[in-house]
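S.K.: turn this into a model:
(chains A, B, C and D)
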Protein chains: 2
Amino acid sequence: MKLLDIGVLSERTGVPASALRYYEEVGLIAPVLRRGLRRQYGPETVTQLSLIALGKAAGFSLDEIKGMFNANGAPELPRSELQQRADAIDRQIRGLTTLRDALRHVAECPAENHMACPKFQQLLRLASAYKRGGRHRS
Amino acid sequence: MKLLDIGVLSERTGVPASALRYYEEVGLIAPVLRRGLRRQYGPETVTQLSLIALGKAAGFSLDEIKGMFNANGAPELPRSELQQRADAIDRQIRGLTTLRDALRHVAECPAENHMACPKFQQLLRLASAYKRGGRHRS
DNA sequence: TATTGACCTCAAGTTGGCTTGAAGTGGGAT
DNA sequence: ATCCCACTTCAAGCCAACTTGAGGTCAATA
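M.R.: Alright, predicted model coming up:
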């Protein structure tokens, strides 16, 4: 039975031990047991942390991530809610695609004033159309 | 010449006036002039704010966004740097795609233990493969 | 001319997500 | 048996990105 000390888990995932303790405090992960005072983690925690990293990169708060997959990888939310979050991510992907294209454009277009460039204008219309894939605090 | 009062700009973009002043403080936007003490914004600020919203949704800090398009829509960074940021966004899009699929999976899969489900395992391998599209504080 | 109300500044407060520091604990190699 | 050192707790501190509040300005309407 291969259990991981917090230091090993930290090194293996790149997440600082202090952050791991914090994640536990907010209910995102949990050690399978304690040896003395020391937390012993199961190997599945490594994959949980990948998911958490992904959720963070997507701009979700730790609380929201908790709703998607809790300490067992099972969601705390109803299916419909999860589908809505998936849809929100889809919208965000479209927004990011526009942003990426806009960025590549300003990197390549020789025009000195991008605001005047027709291609950029086109991208801006898409940007405005995007309007809030809006996950945020509240 | 159609200038916008901060209240109008705020209402039109959904960004609170306090946030607009803050954006100015950090150098993201600027009024074209002041009438008395009051800021008067040009209409292009509306599109700038769309771009800013997009960048925020992508997880960029205000400082990073400033590097992409400054108050004139022109970048403060060299092309190569912008291309790298575009590439980072591409990686993030792939990560988000995986997250979305994982989410849809847990919403649909009847298995009680997702960690055991082969399809989920497959998604997790992708999640681990993603490993840091890593934009973050310094 | 007086009042209104949207604007202004500046300082302080808030929230999320951690990090840092001080002081203590305990498993395992010597 | 002792020492080390990675671990522990708990409180406080920190940063970004704003928000809130107190007190002030001023253009336009009544």
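S.K.: going by C-alpha atoms from here, please, whenever you check contacts or count neighbours.
M.R.: Noted.
S.K.: where exactly do the helices run in chain A?
M.R.: A:6-13, A:17-25, A:44-57, A:62-68, A:79-108, A:118-130 (DSSP state H).
S.K.: what's the angle from the third one to helix B:79-108?
M.R.: Pointing back at helix A:44-57 there. For helix A:44-57 against helix B:79-108, the angle by axes from the mean of the first three to the mean of the last three C-alpha atoms, to 10 degrees is 120 degrees.
S.K.: give me the mean pLDDT for helix A:44-57.
M.R.: For helix A:44-57, mean pLDDT is 88.
S.K.: just the buried positions in it, please.
M.R.: A:45-55, A:57 (16 or more other C-alpha atoms under 10 Å in any protein chain shown).
S.K.: repeat that for the fourth one.
M.R.: In terms of neighbour count (16+ other C-alpha under 10 Å), helix A:62-68 has its buried residues at A:62, A:64-68.
S.K.: what helices or strands is it leaning on?
M.R.: Applying 3 or more C-alpha pairs under 8 Å, 6 or more residues apart in numbering or on different chains; DSSP states H and E, we find helix A:62-68 packed against helix A:44-57.
S.K.: if we can go back for a sec, okay if I get the helices of chain A as a markdown table plus distance to B:Ala88?
M.R.: Listed next are the helices of chain A as a markdown table, based on distance: least, C-alpha to C-alpha, whole Å:
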| stretch | distance to B:Ala88 |
| --- | --- |
| helix A:6-13 | 20 |
| helix A:17-25 | 24 |
| helix A:44-57 | 11 |
| helix A:62-68 | 22 |
| helix A:79-108 | 9 |
| helix A:118-130 | 19 |
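S.K.: who touches stretch A:13-29?
M.R.: Residues outside stretch A:13-29 that contact it (C-alpha atoms under 8 Å, 6 or more residues apart in numbering or on different chains) are A:6-7, A:9-10, A:30, A:45-46, A:48-50, A:62-63, A:66, A:70-71.
S.K.: try 10 Å
M.R.: A:5-11, A:30-31, A:39, A:41, A:45-50, A:52-53, A:62-63, A:65-67, A:69-73, B:128, B:131-132 (C-alpha atoms under 10 Å, 6 or more residues apart in numbering or on different chains).
S.K.: same deal with stretch A:66-82?
M.R.: Identification of contacts with stretch A:66-82 by C-alpha under 10 Å, 6+ apart yields A:23-24, A:26-31, A:44-45, A:47-48, A:51-52, A:55, A:60, A:62-65, A:85-88, B:100, B:102-109, B:111-116, B:120.
S.K.: among those residues, which ones are buried?
M.R.: Buried members of the contacts of stretch A:66-82, scored by 16+ other C-alpha under 10 Å, are A:23, A:28-31, A:45, A:47-48, A:51-52, A:55, A:60, A:62, A:64-65, A:85-88, B:100, B:102-107, B:114-115, B:120.
S.K.: which among those are in contact with DNA strand C?
M.R.: For DNA strand C, the contacts drawn from those by C-alpha under 7 Å from any atom of the strand are A:23, A:60, A:62.
S.K.: closest to chain B out of these?
M.R.: Among those, A:Phe60 lies closest to chain B (C-alpha to the nearest C-alpha), at 9.8 Å.
S.K.: what about chain A, any weak spots by pLDDT?
M.R.: Counting by pLDDT under 70, the ranges of chain A that qualify are A:1, A:71-73, A:110-115, A:127-138.
S.K.: before we move on, the earlier item: which pair in the buried residues of helix A:62-68 spans the largest distance?
M.R.: Farthest pair in these (C-alpha to C-alpha) is A:Leu62 and A:Met68. Separation: 9.9 Å.
S.K.: sorry, back to before: out of the helices of chain A, which comes closest to B:Arg94?
M.R.: helix A:79-108 (8.9 Å).
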